[in-house]
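Chemist: generate coordinates for the sequence data below:
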Amino acid sequence: YYKRNYCRENTTVVIVGDVTADNAAAGVEKYFSSVPHGNPAPSPGEPVPGPCDSFTERRDVNDAYIKMSMPGVGLSHPDHPALSMLGIILGEGQCGRFFRRIQCPGISNSIGFHASPMKDAGLLSLSATCQPSRVSELEDAVTDELEKLKKEPPGEAELDRAKKTVTAFSVYDRETFADR
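Modeler: Predicted coordinates:
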């Protein structure tokens, strides 16, 4: 396992800061030239979706916790940008469709949707909480919203809001503790 996976072909080096390309190359050569070449196993690729499955565990709790997931796509997949925008349109904050159409009317106490891409595959996930008596209503409302999405694609206002959110996240991600 070690020889197959800890090799040059699986190594990524990220260099940040006030450094020239020549100095960076020299540092990589100095510190990583001893890493052997290998023959890593091929990537498993995207998973093939299986049948829908679910389970329910009943307990005496104040809130029911719901998680719905399905396979997504990898970072290099051409649908990745669109699914990331969809995650924002459906579940990002108080402007998301799920918040406005499911949480605001009181069906859920909290709800969010997120696209999580990885190298070769990804996951689309919905997380929500609601009163235990409203689980079926919540599941139906989510299904209805996804069906509406097929008939009612995002308009210009939703797309603009999602683009601004992506830009804001990018700016916030670059902020350091010292900048705050």
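
Chemist: quick check: buried residues in the lengthiest helix in the chain?
Modeler: Assignment by DSSP state H gives helix 156-174 as the longest helix of the chain. Under the neighbour-count criterion of 16 or more other Cβ atoms under 10 Å, helix 156-174 has 158, 161-162, 165 buried. C-beta coordinates here come from the backbone N, C-alpha and C atoms, glycine included.

Chemist: ok, residues contacting stretch 3-15?
Modeler: Contact with stretch 3-15 is made by 24, 27-28, 32, 35-41, as judged by Cβ atoms under 8 Å, 6 or more residues apart in numbering.

Chemist: mind checking which of the residues you listed land in strands?
Modeler: Among the contacts of stretch 3-15, DSSP state E puts none in strands.

Chemist: how about these in JSON lines, adding neighbour count, pLDDT and distance to Ala121?
Modeler: Below are these laid out as JSON lines (neighbours: other Cβ atoms under 10 Å; pLDDT from 0 to 100; distance: Cβ to Cβ, whole Å):
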{"residue": "Ala24", "neighbour count": "14", "pLDDT": "90", "distance to Ala121": "31"}
{"residue": "Gly27", "neighbour count": "13", "pLDDT": "91", "distance to Ala121": "33"}
{"residue": "Val28", "neighbour count": "13", "pLDDT": "90", "distance to Ala121": "29"}
{"residue": "Phe32", "neighbour count": "11", "pLDDT": "88", "distance to Ala121": "28"}
{"residue": "Val35", "neighbour count": "13", "pLDDT": "87", "distance to Ala121": "26"}
{"residue": "Pro36", "neighbour count": "8", "pLDDT": "86", "distance to Ala121": "28"}
{"residue": "His37", "neighbour count": "8", "pLDDT": "85", "distance to Ala121": "26"}
{"residue": "Gly38", "neighbour count": "16", "pLDDT": "82", "distance to Ala121": "23"}
{"residue": "Asn39", "neighbour count": "9", "pLDDT": "78", "distance to Ala121": "22"}
{"residue": "Pro40", "neighbour count": "14", "pLDDT": "72", "distance to Ala121": "17"}
{"residue": "Ala41", "neighbour count": "10", "pLDDT": "68", "distance to Ala121": "15"}
